[in-house]
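Q: Provided below for reference: sequence and predicted model.
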Amino acid sequence: MQNSNPYTTLPNRAFWKLGSVVEKTNGALHHSTIYEPSRKLSEHDKIVSVGSCFANEITEYIKRVSITGRGSELVQLHIVNSSIGNVYTTTQFKQLLEWAFFSNKAPEKFWKSSTGWVNPYFQDKEYPTLEELIVDQTEKLNALQKDLSDASVLIFTLGLTEEWIFDGNSCLIAPQVRHQILDSDASNCYFRKLSLEQMIEDLAAIEQLLNQLTSITNIIYTVSPVPLIATATGRHILPENEISKASLRVLASHFAEDTESHANYFPSYEIIKNHRYASSFFKKNMRNVTDDAVDIVMRSFFHAHGYEVTKDDCDQNKQQIPCLETSIEVALDENTEEQPTFFCPPDCFFLGQSHLGRMIQNLAVQVNQQQIIPMGAFWHDFGFVFNEGYSDYHSLAADFLETGAHSSNRLIVDFLFVPHIDIQFAITSLTQQFATFEKQAQRKMSDSEQVEVVSTQKEIFESGFRERLQMKFDYIRNFRYDLMIVVPPFFPSVFFDETSFKMTFPPKTPYLRNSTIIDYIIDTYVQVATVFIENHRDVIIGKIERSSIFNQMNLWSGDGVHASEKYYYELAKSLHRQLTP
């Protein structure tokens, strides 16, 4: 029988609050304990990367950086991207393996267009003649065979569970998406969604072929964090995307946890999908992954293998990686008018949570991407640094502001207005008064009695809110940046429902069942914060917006937390004006 709390002896990585936060070592962000490979990479390994667009991102990153080993010596890792191009499904990879090693199985039936020929299985391009297509196909399959035969490590990024079938084979993309195919060929294509059982069967066959035909002894599976661009199932994209990613994730674990397999799973998907940093890890379209996110993923990867990234050349010689999926949304984007982005000087240092991340997406930060630190819930917890028992957060914040931003002259933060934290004293005070009343009266307070108590506390609340805001403001100013800019967050009232309070302050909130009380406290906070902002207009841009989905649709994004893109665009414009007078 368990005699003690089984969670007290668990390491930090076992807890969401600590394990989900990106760590900083020697100025670099990464996760140090999220990945423990059973077989580590060697500088003698030859790595081949196969998979979706994200697989290309991994390969291009490794080519652009310098790696040091355990003794700080430079290490040259040998990695190539599959010569065959993008591979989206397990069925597609299995058939490519069979074609590459058994030429008699190579396809002989292709798509005919009005101006030439198209190979539907890979190398999405149009050929003037069928002969040229077959010659190119043979060369690419031979190159794939050589890539795999020379490799000792395979990184396979699982991308899709949906595919189109032509002549019994998996296609790279659906007909008529990139090329106008003759109706007779297009009509012979059909859509298929792969089941988990089918993908397990495919991957088992892939591992067997690799074991028999190559020297690959180490397989690293990843799952692409890029959402589906569309689904052909006829159902809604949101649940279909989650089902697809969940199936691929279970598939990877099925083999990574199999002792007879040579496989490991690297959690790039989980690192990027961590919603603490979602607004900073995805580009403006909220699909494609940012360079900063790839950097954190790959630093975590190399750290686990005993290497460190020492020189980031991401902005030099960077290739544009084509992704065929984007063709699907061309029709949707034809009439989309891009808003301009605003240049941001390189001597700025951004520290904040997702609201700041949304604003940053409208800035062209062109020089040093490391100046953007997506701190997410760290800043949320930073509000506790002035409370007893939170000295560790105080030290961590000081380290970021003194050391992490030492080369920056201008600081842009958004942590000053964190309502959950700032109103903690109000919540604690009220619950104590309610509890005392009920203990003395031997009954529960009515809603009207609670409202009456709250109405007598207005001056106390206002004074407390002002004191906490000023305290944090003065703390930041101690670091003496040439220019400090504070960005107030959006303020949706739905964020402060009863459930949110209970999640934030358990178990102190059984009394906060009355929405009138919650609204009163929030409105008082908004009033104090608004006055505070107006009194410090020299360093604060934007304003506090108290909004809900019912009364201010022009500001509401609909995700329950953030404002509309227009709101963040206007914030970016204001910041641009202040940075470039």
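A: Received it, and whenever you're ready, just let me know what you need. Numbers count the residues shown, from 1 in each chain.
Q: any idea how far stretch 439-448 is from the chain center?
A: Taking the mean of its C-alpha atoms, stretch 439-448 sits 47 Å from the chain's own mean (CA atoms, centre = their mean, to the nearest Å).
Q: buried ones in that stretch?
A: The neighbour-count check on stretch 439-448 (16 or more other CB atoms under 10 Å) flags M445 as buried. (Each C-beta comes from the backbone N, C-alpha and C, glycine too.)
Q: now do that stretch: distance from first to last residue.
A: Using CA to CA, to the nearest Å, one end of stretch 439-448 lies 18 Å from the other.
Q: ok, and the helix or strand in this protein with the lowest average confidence?
A: helix 377-382 (a mean of 38; mean pLDDT, DSSP states H and E).
Q: surely I79 meets T59?
A: Yes. Using CB atoms under 8 Å, I79 is in contact with T59, at 5.8 Å.
Q: now do the shared contacts for the two.
A: Common contact partners of I79 and T59 (CB atoms under 8 Å, 6 or more residues apart in numbering): S49.
Q: let me know how buried I412 is, in neighbour terms.
A: 27 (other CB atoms under 10 Å).
Q: need phi/psi at it.
A: The phi/psi pair for I412 (degrees, to the nearest 10) reads phi -120, psi 120.
Q: and what of Q432?
A: Backbone torsions of Q432, given as degrees, to the nearest 10, read phi -70, psi -40.
Q: any idea how far P11 lies from L18?
A: Relative to L18, P11 is positioned 9 Å away (criterion: CB to CB, to the nearest Å).
Q: ugh, typo on my part, it should be N56
A: Using CB to CB, N56 is found at 33 Å from L18.
Q: neighbour count: these two, which is higher?
A: N56 (20 against 11).
Q: pretty sure V453 contacts Q432?
A: No. V453 lies out of contact with Q432 (CB under 8 Å); the separation is 11.0 Å.
Q: now R468: how far from I540?
A: Note on R468: its distance to I540, by CB to CB, is 16 Å.
Q: could you do Q212 as well?
A: Counting by CB to CB, the gap from Q212 to I540 is 66 Å.
Q: how about E452?
A: E452 is 35 Å from I540, by CB to CB.
Q: please settle this for me: is A293 part of a strand?
A: No. Counting by DSSP: H, G, I helix; E, B strand; the rest coil, A293 is not found in a strand; it is helix.
Q: that one: neighbour count?
A: Neighbours around A293, by other CB under 10 Å: 23.
Q: what ranges do the strands span in the stretch 101-250 of the chain?
A: Secondary structure of the stretch 101-250 of the chain (DSSP state E, counting those that start in this stretch): strands at 111-112, 117-118, 126-127, 153-158, 162-166, 169-170, 190-193, 218-223.
Q: how about the ones you listed in JSON lines, adding mean neighbour count, mean pLDDT and distance to T68?
A: Shown next, in JSON lines, are the strands of the stretch 101-250 of the chain (neighbours: other CB atoms under 10 Å; pLDDT from 0 to 100; distance: least, CB to CB, whole Å):
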{"stretch": "strand 111-112", "mean neighbour count": "20", "mean pLDDT": "88", "distance to T68": "48"}
{"stretch": "strand 117-118", "mean neighbour count": "22", "mean pLDDT": "88", "distance to T68": "45"}
{"stretch": "strand 126-127", "mean neighbour count": "18", "mean pLDDT": "87", "distance to T68": "45"}
{"stretch": "strand 153-158", "mean neighbour count": "26", "mean pLDDT": "94", "distance to T68": "19"}
{"stretch": "strand 162-166", "mean neighbour count": "19", "mean pLDDT": "92", "distance to T68": "41"}
{"stretch": "strand 169-170", "mean neighbour count": "20", "mean pLDDT": "92", "distance to T68": "41"}
{"stretch": "strand 190-193", "mean neighbour count": "13", "mean pLDDT": "94", "distance to T68": "44"}
{"stretch": "strand 218-223", "mean neighbour count": "24", "mean pLDDT": "94", "distance to T68": "21"}
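Q: what's the burial count for S103?
A: 12.
Q: surely it is in contact with L144?
A: No. Contact criterion CB under 8 Å: S103 and L144 do not qualify, at 11.8 Å.
Q: between Q212 and I540, who's got more neighbours?
A: When Q212 and I540 are compared for neighbours, I540 comes out ahead with 21 against 8, by other CB under 10 Å.
Q: okay, and the beta partners of the more buried one?
A: Note on I540: beta-bridge partners by DSSP bridges are V486.
Q: ok, it to L469 distance?
A: As judged by CB to CB, I540 and L469 stand 11 Å apart.
Q: pop the domain breakdown of the protein in here.
A: Listed domain ranges for the chain are 27-106+136-163+195-266+291-308, 345-579 (source: automatic domain parsing).
Q: got JSON lines for those, with distance to Y277 too?
A: What follows is the domains of the chain, written out as JSON lines (distance: least, CB to CB, whole Å):
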{"stretch": "domain 27-106+136-163+195-266+291-308", "distance to Y277": "8"}
{"stretch": "domain 345-579", "distance to Y277": "4"}
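Q: give me whichever of those domains is most buried.
A: By mean neighbour count, with neighbours taken as mean count of other CB atoms under 10 Å, domain 27-106+136-163+195-266+291-308 ranks first of the domains of the chain at a mean of 18.
Q: tell me which of the strands of the stretch 101-250 of the chain sits nearest to Q442.
A: Smallest distance to Q442 across these (CB to CB): 57.0 Å, for strand 218-223.
Q: so in that sheet, which strands flank that closest one, and in what orientation?
A: Strand 218-223 is paired, per DSSP bridges, with strand 153-158 (parallel), strand 263-265 (parallel).
Q: ok, G19 touching P267?
A: No. With contacts counted by CB under 8 Å, G19 stays clear of P267, the gap being 11.6 Å.
Q: joint contacts of those two?
A: I34.
Q: neighbour count: the two, which is higher?
A: P267 (19 against 15).
Q: residues contacting the more buried one?
A: Taking CB under 8 Å, 6+ apart, one finds I34, Y35, T222 in contact with P267.
Q: in stretch 272-282, what counts as buried?
A: So, applying 16+ other CB under 10 Å, buried residues of stretch 272-282: I272, K273, N274, R276, Y277, A278, S279, S280, F281, F282.
Q: and the closest residue in space to L430 that isn't next to it in sequence, how far is that from K444?
A: Spatially, and ignoring its direct neighbours in sequence, L430 is nearest to V454 (6.6 Å; CB to CB, 6 or more residues apart in numbering). Look at V454 and K444: by CB to CB, they are 16 Å apart.
Q: do T431 as well
A: Relative to K444, T431 is positioned 13 Å away (CB to CB).
Q: can you pull the pLDDT of the closest residue to K273 other than its chain neighbours?
A: Among residues not flanking K273 along the chain, P225 sits closest, at 5.4 Å (CB to CB, 6+ apart). Among the per-residue scores, P225 shows a pLDDT of 91.
Q: next one: L575
A: The model's pLDDT for L575 equals 81.
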